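K.L.:
Structure, please.
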Amino acid sequence: MNEQAIKDLLYKLADDELILGHRNSEWTGFGPILEEDIAFSSMAQDKIGHSLAFYTLLQELGESDPDTVAFTRNARQFHNSQLVELPNGEYDFSLIRHFLYDNAEIIRFEMLSQSNYEPIAKVATKLKGEVKYHVLHANTWIRNLGSSTEEAILRLQSSLNEALPYALGMFEVSTFEQELIDTGIYGGEEAVKAEWLQRVQAVLGKTKLKLPELNGITPKLGGRYGEHTAHLQPLLDEMSEVFNIDPTAEW
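P.N.:
Now for the predicted structure:
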């Protein structure tokens, strides 16, 4: 198996989880209700834990230790999709991003739990149980709010329209895509995207929200290979502030 192909896959998984974990953590103390404050904080902790699991697999393949990888790279060295680095905005945008991202994440983990690469299959199998609760949370709130007041529906629809091009960027194909598919390591982004569309549509079909027509929407690509919005580097600077005070400190 091509180690570089596996590293490419692990970096995008880990970086997505780390960055969205930090974005979700920004809701701590600011959730619209106490229940959501706690929920987003808990999901943030889960995602950062997921990133650690994937960074640990990278270390086993010869990359630097997880703290070094997480806190010393600049934006151009990150492989996360642009969706996860966007500011939280109002709660409706964060909820839509949560819905779009986690429904893709659970499909990836289900697929990777069947991977021929045993280390990643074990991690995905362990973590997908947590992600199921994230998806349940997102889908429940979208169904409830997407069928509630006119204001809620309008705000969610606006956020869905805004987030969708970035969400489509989650499925940017790898340089090693065909090799990953052929070797049974990963089923590929097109397969994930097709299943994601079905699941997203199934939830939205129970609301007054509409998934915009994909024709004419240009996916926000480039994040997997270092092309990011202006929002990522300030977030990385904030994330690494304590680490950079004393990188050798033991906590």
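
K.L.:
so what's Val84 closest to, chain neighbours aside?
P.N.:
Among residues not flanking Val84 along the chain, Leu20 sits closest, at 4.0 Å (Cβ to Cβ, 6 or more residues apart in numbering). Quick note: C-beta positions are derived from backbone N, CA and C, even for glycine.

K.L.:
Surely that neighbour and Lys47 touch.
P.N.:
Yes. With contact defined as Cβ atoms under 8 Å, Leu20 counts as touching Lys47 (5.6 Å).

K.L.:
any idea how far the residue nearest to Val84 lies from Gly129?
P.N.:
Between Leu20 and Gly129 the computed distance is 18 Å (Cβ to Cβ, to the nearest Å).

K.L.:
neighbour count winner among the two?
P.N.:
Using other Cβ atoms under 10 Å as the criterion, Leu20 and Gly129 rank with Leu20 on top: 27 against 9.

K.L.:
Next up, the contacts around that one.
P.N.:
For Leu20, the contacting residues are 47, 80, 84, 97, 101, by Cβ atoms under 8 Å, 6 or more residues apart in numbering.

K.L.:
for Ile6, same thing?
P.N.:
Going by Cβ under 8 Å, 6+ apart, Ile6 touches 61, 117, 120, 185.

K.L.:
secondary structure element for it?
P.N.:
Using DSSP states H and E, Ile6 sits within helix 3-25.

K.L.:
ok, of the contacts of Ile6, which come out buried?
P.N.:
Buried by 16 or more other Cβ atoms under 10 Å: 117, 120, 185, out of those.

K.L.:
I'd say the second one and Leu180 touch.
P.N.:
This means Ile120. No. Between Ile120 and Leu180 there is no contact under Cβ under 8 Å: 10.7 Å.

K.L.:
list residues touching both of these two?
P.N.:
Common neighbours of Ile120 and Leu180 (Cβ under 8 Å, 6+ apart) are Leu9.

K.L.:
Please tell me how far Leu236 sits from Ala70.
P.N.:
Relative to Ala70, Leu236 is positioned 9 Å away (Cβ to Cβ).

K.L.:
any low-confidence regions in this protein?
P.N.:
1, 27-35, 37, 241-251 (pLDDT under 70).

K.L.:
what about the helices in it?
P.N.:
Counting by DSSP state H, the chain has helices at residues 3-25, 34-60, 66-71, 82-85, 91-112, 118-145, 150-168, 177-182, 189-204, 232-239, 241-245.

K.L.:
out of these, deepest packed?
P.N.:
Using mean count of other Cβ atoms under 10 Å, the stretch among the helices of the chain with the largest mean neighbour count is helix 82-85, at a mean of 25.

K.L.:
Counting by contacts, list what that one packs against.
P.N.:
With contacts taken as 3 or more Cβ pairs under 8 Å, 6 or more residues apart in numbering; DSSP states H and E, helix 82-85 sits against helix 3-25, helix 91-112, helix 150-168.

K.L.:
I am assuming Gly187 contacts Ile181, so please confirm or correct that.
P.N.:
Yes. Counting by Cβ under 8 Å, Gly187 touches Ile181, with 6.5 Å between them.
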